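Predicted model, plus sequence, below.
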Amino acid sequence: MAQSPQTPNLEVQRAAMKKPSFLIGEWSGEASTARGPGLTLELTQTEVAEFKLDGLVLAIVGVGRTKSDSKLALQALGLITFEDSTGTYRMRAFNDGRWLETEVKLLADGRSLSWGFTLGEMNTKSVLRINELGEWTELAELIIGARPPVKLMELVVRPTSPK
C-alpha cells in the first residue's frame, strides 16, 4: 500500500526559521577568496538576507566585486529551509554555475551556522558567525585527504540597514 505524503507543519517550519533571523538585513564589507594556488582575490562584499514565502525560506544573496577595479567576481545565492519531518535545516546554494545541497547546523550560541560537503577526498567546512561587534564573519576551508585545511574564503560584513 502506498503511503500518502506527509503534510508539512508550516507553523513548526516558521517557528524554526525564526532562529536564523539574526542574518536578516543588508550587509557590506570585505572578503578574500582563493582562486588557485597562491592566488587570492580581495573583494568588496555585500550580503542581503531576507525571508521569502511568508517566512518559510531564508534567501541570502552575496555579491563580491574586486577591490582593484570593482569588477563582478562572485555571485552566490543560498536558500535555507527547515524540514519539520526530520528536524533539520537544509541549504541549496548556487554560485559560478555550480550548486550544492547540504544540511545546515544552527550552533549552540544561537548566532552561528555551519555547513559543508564532501566530494571524494575533498571536504569543505564553512562557519558563519555574528561576532561580539555585530559583524557577520564567515570562514570556508577546504581539506583534501590528510592535508591541512586551506582557506577558501574569509568574509567580514557589517549591517548597512536596520533590521
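Everything's here; your move.

State the helix or strand in which the closest residue to residue 51 other than its chain neighbours lies.
With Cβ to Cβ, 6 or more residues apart in numbering as the measure, residue 58 is the residue that lies nearest to residue 51, at 5.9 Å, once sequence neighbours are left out. Yep, even glycine has a C-beta here, placed from its N, CA and C like the rest. Using DSSP states H and E, residue 58 sits in strand 57-66.

Name the SS class of the residue nearest the centre of the chain, please.
The geometric centre of the chain, computed from its C-alpha atoms, lies nearest to residue 78 (Cα atoms, centre = their mean), at 6.0 Å. Assigned with DSSP: H, G, I helix; E, B strand; the rest coil, residue 78 falls in the strand class.

I figured it was touching residue 89, is that so?
No - the pair residue 78 / residue 89 is not scored as a contact, 11.3 Å apart, by Cβ atoms under 8 Å.

so what's in contact with these two at the same time?
Where contact means Cβ atoms under 8 Å, 6 or more residues apart in numbering, no residue is in contact with each of residue 78 and residue 89.

Run through who's touching stretch 24-31.
Applying Cβ under 8 Å, 6+ apart, the set of residues contacting stretch 24-31 from outside is 42-51, 58, 64, 67, 74, 135-136, 153-163.

What is the burial count for residue 16?
With neighbours defined by other Cβ atoms under 10 Å, the count for residue 16 comes to 20.
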